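# Generate coordinates for the sequence data below:
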Amino acid sequence: MTTITTTIPVQRVAKSRIQETDFNNLEFGKYIADHMLVSDFKDGKWHEPTIVPFADISVSPAMLSLHYGQSIFEGMKAFWMADGNINIFRPHKHSARLNRSLDRMCMPIITEEMFIQSLHALVETDKEWIPKSEGSSLYIRPLVFAFEARLGVKVADHFKFIIMNSPVAAYQPKPYRLKVETKFTRTAEGGTGFAKCAGNYGGAFYPTQIAREEGFDQVLWTDHKEHKYIDEVGMMNVMFVINGKLVTPQLTSAILEGVTRDTILTLAKDMGVQIEERRVSVEEIEKGLKSGEITEAFGAGTAAVVAPIAVIHINGYDHQIPVAGADSFQSKVKAKLHNIRMGLEPDIHGWNHIIRVK
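Modelled structure (predicted):
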């Protein structure tokens, strides 16, 4: 166990790159803030982190993570609040998921204290990089990977923990056109689907590329055994409003436990909406779209928060989904979540980690 015993040391950049950043045209992930936090796991323990100027690092071509895939990450956000303070949203939940991923990949756990203090220190250091336009945020990317150089197949003894920040604009995609995937599999129960590890994303590129060539934006993943039950949409959890109830696939070891998913389910309960976490069959979705029982479908994830779905392609047919209006559940829950993050509504669940600058 590593406990941070001192203030995290900061080596500031000689010259900031913030003036080179076009905050009016922020492409997701294009710009990286001035600093990064770095810590090494060596000799059986995590060493105290430091904040240094963001820069390339030197790695060996024999680095184990390049060969055997010991690499996991998280994605989260920080915002300027209405009162001028900074909010890192749900770091405790992200810490728990990070550690589930680390455990599954035989990587050393990072204490919640170390994780949250590291986030706090880096975001505070790079606070000028948090954009101030409506809906924008500072995207935070914690990353852990095997750093040991060796060709033998083994669990590494040396790991690196890095956090970097990137200013991002409000995510405003057009509603998604989805293809139900019945050939390829993102993951399988008993595998690494619940972990946020790099290989899950690399393995999804090929079927997603095929779907895009066919005119779709993403795939709607199904179970690995029969391709009869819905898992996820792209790299997000998926939700449906069916006969006024909020329905989402129940978590399995093949599905990533999204922080936004948990947030929306919690807020739905607060709003008096009935929720169902259960198996959701492709057949049920097809029938519900034909009958009109399904009135909304959307993805839930850190980047988009809520990503409306316009079309679901099943068995050669495009099923249209009504456009979500201001009175839709997804619009209301997105607005409520925004207000909690901004400090405009009470944070009754203790989700906001506040950095006080006022």
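
# Quick check: closest non-adjacent residue to residue 294.
Residue nearest to residue 294 in three dimensions, not counting chain neighbours: residue 288, with 3.8 Å by Cβ to Cβ, 6 or more residues apart in numbering. Heads up, the C-betas are built off the backbone N, CA and C, glycines and all.

# Check which element follows the helix or strand containing that neighbour along the chain.
In the assignment (DSSP states H and E), residue 288 maps to helix 282-291. Following helix 282-291 in sequence order, the next helix or strand is strand 294-301 (DSSP H and E).

# Tell me where this structure has helices.
64-68, 91-104, 112-125, 198-213, 259-270, 282-291, 329-342 (DSSP state H).

# Show me which residues of the helix holding residue 288 are buried.
282, 284, 285, 286, 288, 289 (16 or more other Cβ atoms under 10 Å).

# what does stretch 86-104 give?
Neighbour count says stretch 86-104 has 86-91, 93-95, 97-102, 104 buried, by 16+ other Cβ under 10 Å.

# Correct me if wrong: residue 250 contacts residue 261.
No. Counting by Cβ atoms under 8 Å, residue 250 does not reach residue 261; the two are 11.1 Å apart.

# neighbour count winner among these two?
Shown here are residue 250 and residue 261; by other Cβ atoms under 10 Å, residue 261 has more neighbours (23 against 11).

# excluding its backbone neighbours, what's nearest that one?
Leaving aside its chain neighbours, residue 261 sits nearest to residue 237 (4.0 Å; criterion: Cβ to Cβ, 6+ apart).

# Please list the outside residues in contact with stretch 309-318.
Residues from elsewhere that reach stretch 309-318 (Cβ atoms under 8 Å, 6 or more residues apart in numbering): 174-180, 216, 220, 233, 238, 282, 285-286, 289, 297-299, 319-321, 323.

# quick one: the strands in the stretch 51-200 of the chain?
In the stretch 51-200 of the chain, strands defined by DSSP state E, counting those that start in this stretch lie at 71-73, 76-80, 86-89, 137-146, 159-168, 176-180, listed in chain order.

# still on that earlier bit, shared neighbours of residue 250 and residue 261, which are they?
Between them, residue 250 and residue 261 share no contacting residue, judged by Cβ under 8 Å, 6+ apart.

# Mean pLDDT for the strands of the stretch 51-200 of the chain - can I get that in a markdown table?
A markdown table is the format used below for those (pLDDT from 0 to 100):
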| stretch | mean pLDDT |
| --- | --- |
| strand 71-73 | 98 |
| strand 76-80 | 97 |
| strand 86-89 | 98 |
| strand 137-146 | 98 |
| strand 159-168 | 98 |
| strand 176-180 | 96 |
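
# Domain boundaries for this structure, per the record?
According to automatic domain parsing, the chain comprises the domains 18-168, 176-342.

# Return the distance of the shortest one from the chain's centre.
Put plainly, it is domain 18-168. Counting by Cα atoms, centre = their mean, to the nearest Å, domain 18-168 is centred 13 Å from the centre of its parent chain.

# end-to-end on it?
End-to-end span of domain 18-168 (Cα to Cα, to the nearest Å): 13 Å.
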